[in-house]
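can you look at this prediction? I've put the sequence above it.
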Protein chains: 2
Amino acid sequence: MISADARVSLRRREGRLSAGIVADLTAALAARFGDALATSEAVRQQHGHTLTWIETAPPDAVLFARSRQDVIDAVRICAAHDAPIVPFGAGTSLEGHVNALHGGLSIDVSQMNRVLAVNAEDLDCVVEPGVTRKALNEHLRDTGLFFPIDPGADASIGGMAATRASGTNAVRYGTMKDRVLSLGVVTADGAYLRTASRAKKSSAGYDLTRLFVGSEGTLGAIVEVTLRLAGVPEAIAGGHCPFETVRAACDATIATIQSGLPVARIELLDALQVKACNAYSKLALPEQPTLFVEFHGSPESVAEQARRFDEIAADYTGGPFVWATKPEERSRLWQARHDAYWAAVALRPGARALATDACVPISRLADCVEETQRDIAEHKLIAPIVGHVGDGNFHVSALIDMNDPDEVARAEHFIDRLARRAVAMDGTCTGEHGVGQKKIPYVEAELGPEAIDLMRRIKLAFDPQNLFNPGKIFRA
Amino acid sequence: MISADARVSLRRREGRLSAGIVADLTAALAARFGDALATSEAVRQQHGHTLTWIETAPPDAVLFARSRQDVIDAVRICAAHDAPIVPFGAGTSLEGHVNALHGGLSIDVSQMNRVLAVNAEDLDCVVEPGVTRKALNEHLRDTGLFFPIDPGADASIGGMAATRASGTNAVRYGTMKDRVLSLGVVTADGAYLRTASRAKKSSAGYDLTRLFVGSEGTLGAIVEVTLRLAGVPEAIAGGHCPFETVRAACDATIATIQSGLPVARIELLDALQVKACNAYSKLALPEQPTLFVEFHGSPESVAEQARRFDEIAADYTGGPFVWATKPEERSRLWQARHDAYWAAVALRPGARALATDACVPISRLADCVEETQRDIAEHKLIAPIVGHVGDGNFHVSALIDMNDPDEVARAEHFIDRLARRAVAMDGTCTGEHGVGQKKIPYVEAELGPEAIDLMRRIKLAFDPQNLFNPGKIFRA
């Protein structure tokens, strides 16, 4: 244990930039970028927005960057004015990542949306950060390849790298840490660098790629991403299977993973979420805890995987298993899964959904979900659960009347307890949403002050002015 | 591009510790550790040794650490004496990683060899760093699980994490970066921390785990490793297949990977390496470029994979395919592959094998291997090639008479050209051996000065005294 005063501290930013600095900054940026710089209230609000309850904090200006050089020049101008920089992709993050807590410049890379190369033989591609995952898959349509990370939202590839996104396919295809081969980044001193070659593996020094993946815009701006792709499976089979209890569904999941079945997706919906999806997506599923599953492979291997899963599910009270054999049936099922958040929101019109996630070792998953359900009831909340349970990762969307301070307080208490429960089970307070603002204390609880100290040291070493996305991941 | 003088520089260590400091250091260490401290010439030489041509540089003393607390105390004593620290596992690294260039203490963790936990339901385990991969797999024998990373040598898990090891199974099971869930590390200020929880995935801040994986002992000492295990496959099938040319074997490999076949191992041996293995391991393989392959899965899927591979190989002049159906045949084949280094050495008694590796995007593999073979001929070297070609990674062992300065110079020139060739193909100068000492200039060529500057910044932030393994990965 190091003494607390041996730990590094970051430069602490208080409040927002002064009006004078904002005027100088925007003048300098406008001189360089002209119309690509926006300072209207609407654009600023939209770039400091958040999909959850965290208060919006708009930047002072927004640059619609079109090239790496734009980003380099913007970083240099901001550095000269000591103004914060917040990289912005599609704005779909859930933990307030893009909020400009101390003002400054939002660098919107959505117009940097070219696919620079598809190296089909190498199963990789190189893209600008503003390409969205759906646009990329559209581009790849005729190549026999696809980009398998699917967080639900049509997020930008740069943003997905910055938040270490994952989603439904992660159980088979990994997360962004596994899919990013190399990054092009602009650092706080306006330097550009590539973190790695295009080789599939490397032992060439520190793993800068994975240091930037998940750094939430605090270490630099991602301006290029090289991704590992996957071959489009010859055959896909999927379906849904109800269980008597959440525990039984979790146990069936554990058995599936342990058996080595290479399941491509295995998603839990609790009974309330099934009810929400039935209403929102016009399905008629039994309103019980349910697993949605999908298998990828050759026709023979998919059939074999399906058969083996069927047997496992039956061992855990699961069934009847309903196979979605036609592509349109399968699409409908997964569209419903992707719309689960909106289905949850629709359960209680006027309410705000407070989305959070946690991830535990899979042996603790049933305990964690059951305790969480009890806690939801005790806190008198309406909060459906969905989860990427093959990874031990699940989401809770608490539907809150933001005008009821008591309910808001109960929701905050509940979310606090969920994060601490996951940590107590040797899990993480965030499996895929990231830290942003509200999860800062839980990451401290999870990893301890020495690990946070190392993160601060990295931040200080890369960005001594604390320009990049200040106020996120850790306390200054 | 940042100006060169804006870059950070590390504290440069010159020469070895003075006799006075060594006396003080060893006295302080002996007072704390008694017999666990060794200063005999034999032990010191053995801990500064190297498996390749790099000159041995012994530490001033060796601590056989038995606990995390031993490591913490040793680090503090070394820091107080400003003495270098070199973590030591099994001593099987190939790039001079454990050489104590500036003297100091080698911390040998081979006695920290307990398996602390096997969490079978979670497919993970927690081990001390001195556990070797074979010992771990022996320990796991009855669990239905195994640890799939196999670099050939019976390396320690801590050393494998520190060098980001991979090997024959990496094409299916990934490298250490994919298999390490969390590390326990002791940093330069004597703090202990865990880099992550046991959750299968996490977005909880910077990826400290993958920063320490591959850091080659320069950022701290690994004292605990949490590993993702894999289920022992129900069925294994393997075999070997000759091809007319190296290019044909590489093209068959590319087609196999692109087709999505989940091959567990796919290894190239060039004709000279086959000849060496025939002699050393008493095989009778056709002396042609040959692929060794292995498939893991259910009996049905393995049979299907084998059938599909057979078809692909035939498309590329491969065959006849010989299947090793019996376990003992398979073991013999893979033992021969593991002994390829020793087989190469035996090709030329009295010669030293200068082993190097490179990794390129798989589309460039055939070009890279062919150009390398031509270069071997032009440099008048004897140098068989083996490769984990599914990853685009291959090894060359140049067999050198170290008493012939001209031959040594030719070998150095050849190895230099190989590293630069891989870099020019957007590959890496080291796919799995690591940087150590001799690859430092190539990592600079590969990643550029800005990326190296970030690595130095991390090193400076974590270890301002430059205590841990100075002189490796980058120039001070």
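Structure's in. What do you need? Residues are numbered from 1 along each chain as shown, chains lettered A, B, ... in the order given.

can you list the low-confidence ranges for the stretch 251-400 of chain A?
The model of the stretch 251-400 of chain A has no residue with pLDDT under 70.

what does it put close to chain B?
Neighbours of chain B within the stretch 251-400 of chain A, by CB under 8 Å from any CB of the partner chain: A:254, A:257-260, A:262, A:298, A:300-301, A:304, A:359-363, A:391-393. All C-beta spots, glycine's among them, are computed from the backbone N, C-alpha and C.

domain assignment for chain A?
Here the domain assignment for chain A is A:13-110, A:115-231, A:235-434, based on automatic domain parsing.

buried deepest among the ones you listed, which one?
domain A:115-231 (a mean of 23; mean count of other CB atoms under 10 Å in any protein chain shown).

state the distance from residue A:181 to residue B:359.
12 Å (CB to CB, to the nearest Å).

no no, residue A:188
Separation of residue A:188 from residue B:359 (CB to CB) stands at 31 Å.

can you check residue A:135 too?
30 Å.

repeat that for residue A:301.
29 Å.

next one: residue A:450
Separation of residue A:450 from residue B:359 (CB to CB): 34 Å.

repeat that for residue A:106.
38 Å.

can you tell me the SS state at the residue lying closest to residue A:292 once chain neighbours are set aside?
In this structure, residue A:292 finds its nearest non-sequential neighbour in residue A:267, 4.4 Å apart by CB to CB, 6 or more residues apart in numbering or on different chains. Three-state call for residue A:267 (DSSP: H, G, I helix; E, B strand; the rest coil): strand.

next, the contact list for residue A:267, please.
A:168, A:291-293, A:337, A:386-389 (CB atoms under 8 Å, 6 or more residues apart in numbering or on different chains).

just checking, which of the residues you listed belong to helices?
residue A:337 (DSSP state H).

now the contacts of residue A:267 as CSV including distance to residue A:437?
Converted to CSV, those look like this (distance: CB to CB, whole Å):
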residue, distance to residue A:437
A:168, 26
A:291, 33
A:292, 31
A:293, 35
A:337, 28
A:386, 23
A:387, 23
A:388, 23
A:389, 27
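
for the contacts of residue A:267, which two are the farthest from each other?
A:293 and A:386 (13.9 Å; CB to CB).

picking up where we left off before, now the common contact residues for residue A:181 and residue B:359.
By CB under 8 Å, 6+ apart, residue A:181 and residue B:359 have these common neighbours: A:199-200.

isn't residue A:11 right up against residue A:464?
Yes - counting by CB atoms under 8 Å, residue A:464 is a contact partner of residue A:11 at 7.3 Å.

rewinding a little: nearest to residue A:472, of the contacts of residue A:267?
residue A:388 (23.7 Å).

quick check: bridge partners of the closest one?
Beta-bridge partners recorded for residue A:388 (DSSP bridges): residue A:393.

quick one: the helices in the stretch 201-350 of chain A?
Assigned helices in the stretch 201-350 of chain A, in chain order: A:208-212, A:246-258, A:271-281, A:299-315, A:327-338, A:340-347 (criterion: DSSP state H, counting those that start in this stretch).

dump those to CSV, plus distance to residue A:321.
Below are the helices of the stretch 201-350 of chain A laid out as CSV (distance: least, CB to CB, whole Å):
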stretch, distance to residue A:321
helix A:208-212, 38
helix A:246-258, 11
helix A:271-281, 15
helix A:299-315, 5
helix A:327-338, 13
helix A:340-347, 20
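
re the thing from before, make CSV from the domains of chain A and add distance to residue B:192 to it.
Shown next, in CSV, are these (distance: least, CB to CB, whole Å):
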stretch, distance to residue B:192
domain A:13-110, 29
domain A:115-231, 21
domain A:235-434, 17
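
out of these, which is closest to residue B:40?
Of all these, domain A:115-231 sits nearest to residue B:40, with 32.3 Å by CB to CB.

that closest one: end-to-end distance?
18 Å (CA to CA, to the nearest Å).

do stretch A:321-333 as well
Note: stretch A:321-333 ends 14 Å apart using CA to CA.

likewise for stretch A:170-185?
Terminal-residue distance, stretch A:170-185 (CA to CA): 25 Å.

so where's the longest helix in chain A?
Longest helix in chain A, counting residues (DSSP H): helix A:440-462.

which other helices and strands contact it?
With contacts taken as 3 or more CB pairs under 8 Å, 6 or more residues apart in numbering or on different chains; DSSP states H and E, helix A:440-462 sits against helix A:405-424, strand B:192-194, helix B:208-212, helix B:440-462.

paired strands for the shortest one, with orientation please.
In this case it means strand B:192-194. Its sheet considered, strand B:192-194 pairs with strand B:180-186 (antiparallel) by DSSP bridges.

which residues are contacting the strand it pairs with?
Residues contacting strand B:180-186 (CB under 8 Å, 6+ apart): B:68, B:71-72, B:75, B:124, B:161, B:192-200, B:208-210, B:212-213, B:219-228.

looking at the residues you listed, which are in strands?
Within those, residues falling in strands by DSSP state E are B:124, B:192-194, B:221-228.

adding pLDDT, write the residues you listed out as CSV.
Formatted as CSV, these follow (pLDDT from 0 to 100):
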residue, pLDDT
B:124, 97
B:192, 98
B:193, 98
B:194, 98
B:221, 98
B:222, 98
B:223, 98
B:224, 98
B:225, 98
B:226, 98
B:227, 98
B:228, 97
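
go through the residues you listed and name the one nearest chain A.
Taking CB to the nearest CB as the measure, chain A sits nearest to residue B:193 out of the ones in strands among the contacts of strand B:180-186, at 3.8 Å.

quick one: the helices in the stretch 51-200 of chain A, in order.
Using DSSP H, counting those that start in this stretch, helices in the stretch 51-200 of chain A cover A:68-80, A:133-139, A:157-162, A:170-173, A:176-179.

mean pLDDT and distance to residue B:400 added to these, as JSON lines?
Listed next are those as JSON lines, based on pLDDT from 0 to 100; distance: least, CB to CB, whole Å:
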{"stretch": "helix A:68-80", "mean pLDDT": "98", "distance to residue B:400": "44"}
{"stretch": "helix A:133-139", "mean pLDDT": "98", "distance to residue B:400": "48"}
{"stretch": "helix A:157-162", "mean pLDDT": "98", "distance to residue B:400": "43"}
{"stretch": "helix A:170-173", "mean pLDDT": "95", "distance to residue B:400": "44"}
{"stretch": "helix A:176-179", "mean pLDDT": "98", "distance to residue B:400": "39"}
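
got those as TSV, with distance to chain B columns?
Shown next, in TSV, are the helices of the stretch 51-200 of chain A (distance: least, CB to the nearest CB, whole Å):
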stretch	distance to chain B
helix A:68-80	9
helix A:133-139	17
helix A:157-162	10
helix A:170-173	6
helix A:176-179	7
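
in a markdown table: the ones you listed, plus distance to residue B:21.
What follows is the helices of the stretch 51-200 of chain A, written out as a markdown table (distance: least, CB to CB, whole Å):
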| stretch | distance to residue B:21 |
| --- | --- |
| helix A:68-80 | 42 |
| helix A:133-139 | 57 |
| helix A:157-162 | 46 |
| helix A:170-173 | 51 |
| helix A:176-179 | 42 |
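
do you know which of those helices lies nearest residue A:368?
When the helices of the stretch 51-200 of chain A are compared by CB to CB, helix A:170-173 sits nearest residue A:368, at 17.1 Å.

much appreciated, bye for now.
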